[in-house]
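Novice: My questions are about this predicted structure, shown below with the sequence.
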Amino acid sequence: MLKPTTLIFALMFSLSSVITSASEVNIYSARKEMLIKPLLDQFTQATDIKVNLVTGKADALLARLLNEGKLTPADVLLTTDAGRLYRAKQAGMLQSVDSSYLNQHIPAYLRDIDNQWFGLSTRARPIMYSTDRVKPESLSTYEALAQPEFKGKVCIRSSSNIYNQSLVASMLAADEAAKTGQFLQDFVKNFAQPPKGGDRDQIKAVANGICDVTIANTYYLAGMINGNNKDQQEAAAKISIFWPNQGGRGTHVNISGAGIIKSSKNRAAAVKLLEFLASEEAQAWYAQTNNEYPVRQGVAYSPLLESWGTFKADQINLSRLGELNAQAVKLMDKAGWR
Ligand code: FE
């Protein structure tokens, strides 16, 4: 049986599908198949539009799109981090989409200023700490992690990772560059070890006592708690989340999102797909299954996200993260953050 919301979508889309006879859409996705395929199947069921999915690593997909140019079969790029979507836009790969549905349901700060890309889920990048060794009262802001009291107590992944680049870009957007530069110089001195591995590895390092705090994306901790790897479950059980910068600009958030490829031959179908991904049904799926935060208001969180409480998010327009990326990378490099 079709769910009522699926039925509404089927009705909404059936008329316009006849007019445009849009019947397929080609996606390049940096999201793993299992993180997106169930939603795409629902879309096909609701609209009769066939979805062809190519998955790959985010940066490799961008390179492939650049290489293929106008000849690319892709209609939609699905990827993570506003910094990457900004790169795709700057390279002229994307086109503007004028959809009142998307404008209504996706907050402006989570969309490109020219509507060339749209956030479809958000993830926060808070401080995660050892519940045993750290008192939450000793934590406050990202900036405070550069204080001498955290010497040798911080684990964090490499500066080549775009999540950290975007975090530093958000600091540059909030403060003078000189202040961010000084923060980085001091922050690097507090590292317990040279950066290695991904966010999950940093969380494990905190659990194993190599360091006391890290900065990591929320869905990684969720994945460790909900996954079936026993070591990761045990590590995650020793970790708590602290929402930094609540007295100021808020905790850094980023997105997974999508844009329509400039040369798309299935534009109408591609717009429908984006609108479907912003629907209440799809947003609920992001929250319940992926443990990401919905971009849409009024969609329930999973019990796990619920248990982490609410927080103030930094609502800087995410386009700024892309604009400030190069400067962020330069400063991280200068500070010796490898
Ligand atoms: Fe990730």
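Specialist: Thanks, I have the structure now.

Novice: pLDDT on the longest strand along the chain, on average?
Specialist: The single longest strand within the chain, with elements called by DSSP state E, is strand 253-261. On average, the pLDDT along strand 253-261 is 97.

Novice: same question, stretch 142-150
Specialist: Across stretch 142-150, the average pLDDT comes to 98.

Novice: cool, and stretch 68-88?
Specialist: 95.

Novice: Please list the residues outside whichever strand or helix holds Asn164 that contact it.
Specialist: If you go by DSSP states H and E, Asn164 is part of helix 162-174. With CB atoms under 8 Å, 6 or more residues apart in numbering as the contact definition, helix 162-174 has outside contacts at 81-84, 125, 142-143, 156-159, 180, 183-184, 199, 215, 217, 248-249, 252, 254, 314, 316, 320-325, 327-329, 331-332, 337. Where C-beta positions appear, they are placed from N, C-alpha and C, glycine not excepted.

Novice: returning to that earlier point: can you give me the buried ones in the longest strand of the chain?
Specialist: Going by neighbour count (16 or more other CB atoms under 10 Å), the buried part of strand 253-261 is Val253, Asn254, Ile255, Ser256, Gly257, Ala258, Gly259, Ile260, Ile261.

Novice: can you check stretch 146-154 too?
Specialist: Ala146, Phe150, Lys153, Val154.

Novice: same thing with stretch 104-112?
Specialist: His105, Ile106, Tyr109, Leu110, Arg111, Asp112.

Novice: Please put the alpha-carbon coordinates of it into PDB.
Specialist: Taking Å, rounded to 0.1, in the frame of the first residue of the first chain, the C-alpha atoms of stretch 104-112 are listed here in PDB:
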ATOM      1  CA  GLN A 104       9.800  27.600   1.000                       C
ATOM      2  CA  HIS A 105      11.100  24.500   2.800                       C
ATOM      3  CA  ILE A 106      14.900  25.000   2.800                       C
ATOM      4  CA  PRO A 107      16.100  27.900   4.900                       C
ATOM      5  CA  ALA A 108      18.000  30.500   2.900                       C
ATOM      6  CA  TYR A 109      21.300  30.000   4.800                       C
ATOM      7  CA  LEU A 110      21.400  26.300   3.700                       C
ATOM      8  CA  ARG A 111      21.000  27.200   0.000                       C
ATOM      9  CA  ASP A 112      23.300  28.800  -2.500                       C
END
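
Novice: Contacts for that stretch, please.
Specialist: So stretch 104-112 is contacted by 85-86, 89, 94, 102-103, 117-120, 122, 255, 257, 259, 278, 295-297, 315-319 (CB under 8 Å, 6+ apart).

Novice: Buried ones only from those, please, as a ChimeraX command.
Specialist: Buried subset of the contacts of stretch 104-112, written as a ChimeraX selection, criterion 16+ other CB under 10 Å:
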select :85,86,89,94,102,117,118,119,120,122,255,257,259,278,295,296,316,317,318,319
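
Novice: follow-up on the earlier one: which members of the contacts of helix 162-174 occur in helices, if any?
Specialist: In helices, judged by DSSP state H, the following of these are found: 82-84, 180, 183-184, 199, 320-323, 325, 327-329, 331-332.

Novice: Using ChimeraX, make a named selection holding only the buried ones among those residues.
Specialist: Of those, the buried ones can be selected in ChimeraX as follows, counting by 16+ other CB under 10 Å:
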select :82,83,84,180,183,184,199,320,321,322,325,327,328,329,331,332
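
Novice: Greatest separation within the buried residues of stretch 146-154: which pair is it?
Specialist: Farthest-apart pair in the buried residues of stretch 146-154 is Ala146 and Lys153; separation 11.5 Å (CB to CB).

Novice: any common contacting residues for these two?
Specialist: By CB under 8 Å, 6+ apart, the residues touching both Ala146 and Lys153 are Asn190.

Novice: quick one: the strands in the stretch 201-338 of the chain?
Specialist: 213-215, 239-242, 253-261, 293-294 (DSSP state E, counting those that start in this stretch).

Novice: scratch that, the stretch 1-150 of the chain
Specialist: Going by DSSP E, counting those that start in this stretch, the stretch 1-150 of the chain shows strands at 24-29, 50-55, 76-80, 94-95, 118-124, 127-130.

Novice: From Val97, how far off is Ala205?
Specialist: Distance, Ala205 to Val97, using CB to CB, to the nearest Å: 41 Å.

Novice: Tell me which residue lies nearest the centroid of this protein.
Specialist: Ile255 (3.0 Å; CA atoms, centre = their mean).

Novice: And for that one, nearest residue in space, chain neighbours not counted?
Specialist: Nearest residue to Ile255, sequence neighbours excluded (CB to CB, 6 or more residues apart in numbering): Gly119, at 3.4 Å.

Novice: what sits against that neighbour?
Specialist: Per CB under 8 Å, 6+ apart, neighbours of Gly119: Ala82, Ile106, Leu110, Arg111, Ile255, Ser256, Gly257, Val295, Leu318.

Novice: now with 7 Å?
Specialist: Under the criterion of CB atoms under 7 Å, 6 or more residues apart in numbering, the neighbours of Gly119 are Ile106, Leu110, Arg111, Ile255, Gly257, Val295, Leu318.

Novice: As TSV, those residues with distance to Thr310 would be great.
Specialist: Formatted as TSV, the contacts of Gly119 follow (distance: CB to CB, whole Å):
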residue	distance to Thr310
Ile106	20
Leu110	17
Arg111	22
Ile255	18
Gly257	22
Val295	15
Leu318	20
